[in-house]
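1. Quick one: sequence plus predicted model below, questions after.
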Amino acid sequence: MQASRLIDQLVTRSIPSIECKRFEILSTKLPLITGVSGSTMKSLIKRSGAEIRIDQSTKKCQFTIVDIYGTQEQIRMAYNLINELLDQERQFYRRHSTSDQIQMTIHDDDDELDSFETFSESPTDLIIIGDNHPQYMRQLTTESQNRTSLSIEQILYMTESFDVIDDHDRSISPSILPPIQVYVSYIENPGLFYVQINENKRSVRLDELMEEIRKFYSNIENQLACRCDPCTLKINDVVAIKIDDDSMEKYYRGYITGCLDGKKFSVFYGDFGITAQHSANSLFYLNGNFLTRLPFQAIRCSIGDIDHILSSEWSAEEIRHFREWTREGLWESVISVRCHKYRYDDDGRQIFLVEMFSKLPHQLMTVNVGRQLLHLHNQQIEKKKSI
């Protein structure tokens, strides 16, 4: 019996352990490693001795997940062989790179989203993706290096905005600016609310991104790797927020705005403008890929004609009417805005001053929401005076 156990131990020791390493490869580069009818892939498997599997469900995403099974040496060999295939394009990029900053453009024939830059090309900074970046392949790590903390300036930079004509002399009439279709995602009052631009498939891109985030954080290994430590979590850390909605987990992008008692944290939802309290158990450090794919979509606004009215002066009835007129949170395409200037609040955050127009199904003509609110507000004031 002892001899049999000893033989089993010797056999076990002599067999190299099989491991699995998960990588992501830019989907547009995948044909370089698969080849015609899989010929290149077969060659890679034969030369390295490793098993290479492509996650077909991620092929339509910007990065495709690739699992490599084998011994450490086989995995290293397969990785090096793949990198050799990608190296020619990588070297081409480096020869033609003329800027310290890298511009990332998401390519879509039917889309014209603005380009989106990062602050540095250091590999320890935010992960950058795109056909013009040399990082075509990367390992999905289980380290907390994905933790990102942003300054106010970086948050402004990484938040969607309106194009504003810088015209202090008002030589250009604001009325020539085309109105922009938006959804109103969250309202505090007419002087502070958030919208999402409803043009160029932005909402579709956000839905796709949120689904990818959900799939990533539904994996228990990714949750463990990215879980937030309440002792070290600090203001402006970028996080994924877990919400249980109708028995289905959802994840939202956001960042910490306050540490309340060491257990609860105030979190701003970057794509919707909502601020809520969460424990660290429902927060995970946001993988950099999900941060740079799309700017935060919630744009902070105020009705320009009534921006002078203090938030405390708006009654509950006026705010209720404003929510009804704008269809807050209902994602109905009935609102457009025209923006011609902005200001900064005391915290240095940008607020866009907008004209807002509503065209509800029962309305025969477009309504200027700001004028309607101002009329209602004046009526309220006169009503109080008469009492």
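-> Cool, got the structure.

2. pLDDT below threshold where in the stretch 201-350 of the chain?
-> For the stretch 201-350 of the chain, applying pLDDT under 70 flags the ranges 262.

3. all helices for it, in order.
-> Taking DSSP state H, counting those that start in this stretch, the helices of the stretch 201-350 of the chain run over residues 202-218, 220-226, 288-292, 316-326.

4. Please work out which of those is packed deepest.
-> Among the helices of the stretch 201-350 of the chain, helix 288-292 has the highest mean neighbour count (mean count of other C-beta atoms under 10 Å), at a mean of 21. (C-beta placed from N, C-alpha, C; glycine too.)

5. From the contact counts, what lies against that one?
-> If you count contacts as 3 or more C-beta pairs under 8 Å, 6 or more residues apart in numbering; DSSP states H and E, helix 288-292 packs onto helix 202-218.

6. Send over the helix it packs on as CSV, restricted to the C-alpha atoms.
-> Extracted as CSV, the C-alpha positions of helix 202-218 are listed here (Å, rounded to 0.1, in the frame of the first residue of the first chain):
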residue,chain,number,x,y,z
ARG,A,202,-24.3,57.0,-27.6
SER,A,203,-27.1,55.3,-25.7
VAL,A,204,-26.5,52.0,-27.6
ARG,A,205,-22.8,52.2,-26.8
LEU,A,206,-23.5,52.8,-23.1
ASP,A,207,-25.9,49.8,-23.1
GLU,A,208,-23.3,47.6,-24.7
LEU,A,209,-20.6,48.8,-22.3
MET,A,210,-22.8,48.1,-19.3
GLU,A,211,-23.5,44.6,-20.5
GLU,A,212,-19.8,43.9,-20.8
ILE,A,213,-19.2,45.3,-17.3
ARG,A,214,-21.9,43.0,-16.0
LYS,A,215,-20.3,40.0,-17.6
PHE,A,216,-16.9,40.9,-16.3
TYR,A,217,-18.0,41.4,-12.7
SER,A,218,-20.3,38.5,-12.6
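
7. What separation do you get for the closest residue to K242 other than its chain neighbours and A240?
-> In space, K242 comes closest to S282 once its chain neighbours are excluded; the distance is 4.5 Å by C-beta to C-beta, 6 or more residues apart in numbering. S282 is 9 Å from A240, where distance means C-beta to C-beta, to the nearest Å.

8. More neighbours: the two, which one.
-> More crowded of S282 and A240, by other C-beta atoms under 10 Å: A240, with 26 against 16.

9. so what's that one up against?
-> Going by C-beta atoms under 8 Å, 6 or more residues apart in numbering, A240 touches 213, 217, 226, 251-254, 283-287, 290.

10. So which bits of stretch 228-245 are buried?
-> Across stretch 228-245, burial judged by 16 or more other C-beta atoms under 10 Å covers 228, 230, 233, 237-242.

11. Now tabulate those residues in a markdown table and tack on distance to S203.
-> Below are the buried residues of stretch 228-245 laid out as a markdown table (distance: C-beta to C-beta, whole Å):
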| residue | distance to S203 |
| --- | --- |
| C228 | 28 |
| P230 | 33 |
| L233 | 30 |
| D237 | 26 |
| V238 | 21 |
| V239 | 22 |
| A240 | 19 |
| I241 | 19 |
| K242 | 22 |
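
12. In strands, which of those appear?
-> Members of those lying in strands (criterion: DSSP state E): 238-242.

13. In which helix or strand does L86 reside?
-> helix 72-96 (DSSP states H and E).

14. all strands of the stretch 101-250 of the chain, in order?
-> Along the stretch 101-250 of the chain, counting by DSSP state E, counting those that start in this stretch, strands occupy 103-104, 116-117, 137-139, 180-189, 192-197, 238-245, 248-259.
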